[in-house]
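Asks: Provide a 3D model corresponding to the input given below.
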Amino acid sequence: MDRDEKRKRIVEIAGNFISRFGWQKTTMEGIAGKAKMAKSSLYYYFQNKEDIYQAVIERDSRMLRQKVWADISEVTSPTDKLSAYINARMTALQRLSNYYSTLTDEFLDKYSFVRYEREKFKLFEENTIHHILTEGCIKGIFKIENMQKTCDSIIMAIKGMEPILVLRKNFPRGDSIVENMLNLLFNGIRYKK
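Replies: Below you'll find the model as predicted:
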């Protein structure tokens, strides 16, 4: 096994440990033991536990973005893209519990790579939603007076659904909560004459 493959294996093992036991209870000894190597050998691949955690978070972030883009690319209508985005985001975050806890756990703020990852995800989310809404406006599907406020409102609504949808077991695609939120977003609650 070459160096890159060994690093990937360590990251995979560390990710599993962090998912099961949490960041603070995961140890270098535990990771090394599961990888069938001496603890001192881990330092050939990573400087410390934080370095391993950073690699886990970067892997999870990359997987989340790939999943979201793959699901969005399967549909053509902006309304379907927004629905696909939310569903893919929630499903992926549920699977990537390490990444979800990185986005939400306050005690991780002391690590600069966590703050950086949060900012990177925020920018990704803003750009993706902005892109979908802009496409909808160009196609005459959406009428948006203030793009930034609309993006911010959608992101806040999505974040509000996270605890319910991400932490719940077996998040089904096309969940009624997401569909109801999108129906409210697209159609409103006011009776139209």
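Asks: where does the residue lying closest to residue 186 once chain neighbours are set aside sit relative to residue 17, distance-wise?
Replies: Spatially, and ignoring its direct neighbours in sequence, residue 186 is nearest to residue 79 (6.2 Å; C-beta to C-beta, 6 or more residues apart in numbering). Bear in mind the C-beta positions are built from the backbone N, C-alpha and C, glycine included. Taking C-beta to C-beta, to the nearest Å as the measure, residue 79 falls 40 Å from residue 17.
Asks: those two: which has the busier surroundings?
Replies: residue 17 (20 against 15; other C-beta atoms under 10 Å).
Asks: where does the more buried one land on pLDDT?
Replies: Looking at residue 17, its pLDDT stands at 86.
Asks: could you do residue 139 as well?
Replies: At residue 139, pLDDT is 94.
Asks: check the secondary structure at residue 142 for me.
Replies: Secondary structure assignment for residue 142 (DSSP: H, G, I helix; E, B strand; the rest coil): coil.
Asks: please identify which helix or strand holds the residue nearest to residue 186.
Replies: Per DSSP states H and E: residue 79 is located in helix 78-95.
Asks: buried residues in that helix?
Replies: 78, 81-95 (16 or more other C-beta atoms under 10 Å).
Asks: which residues of this protein fall in strands?
Replies: Applying DSSP state E to the chain gives no strands.
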